[in-house]
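Student: Predicted model and sequence follow; I will ask about them next.
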Amino acid sequence: MKKLFKVLSVVVMAFATLAATLAPMTQVSAKEKVTVWAWDPNFNIKALEIARDIYLKDNSDFDLDIVESAQNDIVQRLNTSLSSGVTEGLPDIVLIEDYRAQSFLTAFPDAFVPLDDYYNKEDFADYKVQATTANDKSYGVPFDTGVTGLYIRKDLLEEAGYTLEDVTNITWRELAEIGKKIKETTDVKLLSMDLNDLGLIRAMINASGAWYTKEDGVTPWIADNEALKEAFTVFKEMYDADIVNIHSDWAQMLQAFNGGKVATVPQGNWITPSVVAQEDQAGKWAVVPWPKQDNVEGSVNASNLGGSSFYVLNTKNSEAAAKFIGTIIGGSKEFYEQAMNEIGVLGTYTPMLETDVYNQEVDYFGGQQIYKDFAQWAEQIPSVNYGSHTYAVEDILKNALQQYLSGGDLDQILKDAQTQAENQLN
């Protein structure tokens, strides 16, 4: 009997030792591991790292696996997997550019989780909420804004006889006239553009509340689109006046303004880090509101170019993913303050306007409070339905623009583009 008790005691001790050994392993495996796909290590990836670290303060059982991948690769992998129905290997959270979001939400509505219960969409700018909404449900948490501004060289402007007031809240034609004077005085062109990237045209018409498709986001709107016609017309006037520098890739675009080839940079606020990279131009730059269109009713001095939002896929970890992204990206002032200070992220989270975070003076821009300006302009951006065909229509319009620059009749060119879009998209 004593021998039996001795054996049982040994067995009990062995189980106790085993349990103590396995306890830490059990705690590790209990962590909620969420995977996210995003691009740009110096911007989006860094922002996710900041978001993760803040969330971990109150959620120590959370684990975020951040996978960096090029935007085009993410789009291709999502399309391939969702089209085939094989979702194994997909992330729990994915960053999607606002121009592309509707194509995914329309084609694969069951693949994404509605996020209305995880953040307050009333806290975000209307144009971002519309970009992330489908069938009256919010599927994305708005992230960075692509609010535009006209970055301008003050020294070149003054040399041509103008002041910042002369380029504030003006139209594109007014800017073109100033550009001609700058070119005449300094031999520096007004702006640079890649003819295979219609971002400038896109932002011009967005300021007028127009897009390549009608309000349904599907029906092509080209032939009778006054905003688009105006954008083509004014751009050709600038092109013919030889105040447009033509570049063909990102590096050449940077060289255009860093190297002093152009006097302005009409871009989204995300270009700021690239502008300030040219240290010897510190103090020479300012940012003024986006020019509005001349002959389009309702056009404003504010627009958008780019921007993305976070979406949660319908995975086994979707609940943990939605809580994380909704809590931090969807509602943390601490996140937006830290992300702005460290990497220049400017979101459309409107409660930040009630703080003094955006009031910092930026030395490179002569002490201008550029973040406060951008945040205020973001509230004025017209909401448009980007629809599902932005880049498909733009492929057609690239050829149309080339034809027009070569001397073609604009009305006929736009009619032909309308027909091509209707045949291709319907």
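Tutor: Yep, that arrived. Numbers count the residues shown, from 1 in each chain.
Student: any idea which helix or strand comes after the host helix or strand of V275?
Tutor: Here V275, judged by DSSP states H and E, is contained in helix 272-276. Tracing the chain past helix 272-276, the next element assigned as helix or strand by DSSP H and E is strand 285-288.
Student: Following the chain onward from that following strand, which element is next?
Tutor: Following strand 285-288 toward the C-terminus (DSSP H and E): strand 308-312.
Student: by contact count, what packs against the helix or strand following that following strand?
Tutor: For strand 308-312, the following helix or strand on the C-terminal side (DSSP H and E) is helix 318-328. Counting contacts by 3 or more C-beta pairs under 8 Å, 6 or more residues apart in numbering; DSSP states H and E, helix 318-328 packs against strand 32-38, helix 44-56, strand 62-68, strand 93-97, strand 308-312. No exception for glycine: its C-beta is placed from N, CA and C like everyone else's.
Student: quick one, helix 318-328 and strand 62-68 angle?
Tutor: 80 degrees (axes from the mean of the first three to the mean of the last three C-alpha atoms, to 10 degrees).
Student: Begin at 540 from now on, thanks
Tutor: Okay, using 540 as the starting number, the last item reads as helix 857-867.
Student: Going by neighbour count, which residues of helix 857-867 are buried?
Tutor: Buried residues in helix 857-867, counted by 16 or more other C-beta atoms under 10 Å: 857, 859-867.
Student: Closest to R692 out of the residues you listed?
Tutor: R692 lies nearest to I867 out of these, by C-beta to C-beta, at 37.6 Å.
Student: What residues does the closest one make contact with?
Tutor: Taking C-beta atoms under 8 Å, 6 or more residues apart in numbering, we find I867 in contact with 590, 593-594, 874.
Student: of those, closest to F643?
Tutor: If you rank the contacts of I867 by distance to F643 using C-beta to C-beta, A590 comes first, at 22.0 Å.
Student: measure the closest residue to D755 other than its chain neighbours to A640 for me?
Tutor: Leaving aside its chain neighbours, D755 sits nearest to N924 (7.1 Å; criterion: C-beta to C-beta, 6 or more residues apart in numbering). Distance, N924 to A640, by C-beta to C-beta, to the nearest Å: 11 Å.
Student: Does the spatially closest residue to Q915 that is not a sequence neighbour fall in a helix, a strand, or a coil region?
Tutor: Once flanking residues are discounted, Q915 sits nearest to L892: 7.7 Å by C-beta to C-beta, 6+ apart. Taking DSSP: H, G, I helix; E, B strand; the rest coil as the rule, one finds L892 in the helix state.
Student: Low-confidence stretches in this structure?
Tutor: Within the chain, the segments meeting pLDDT under 70 span 540-569.
Student: Tell me who's in contact with the residue minimising distance to the centre of it.
Tutor: Centroid-nearest residue in the chain, with C-alpha atoms, centre = their mean: G846, separated by 1.0 Å. Contact analysis of G846 by C-beta under 8 Å, 6+ apart lists 636-637, 667, 670, 682-685, 807.
Student: Rebuild those as TSV, extending it with distance to D934, secondary structure and neighbour count.
Tutor: Output for the contacts of G846, formatted as TSV (distance: C-beta to C-beta, whole Å; DSSP: H, G, I helix; E, B strand; the rest coil; neighbours: other C-beta atoms under 10 Å):
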residue	distance to D934	secondary structure	neighbour count
E636	16	strand	19
D637	19	helix	24
K667	25	helix	29
A670	21	helix	26
F682	26	coil	28
D683	25	strand	25
T684	26	coil	29
G685	21	coil	26
G807	21	strand	22
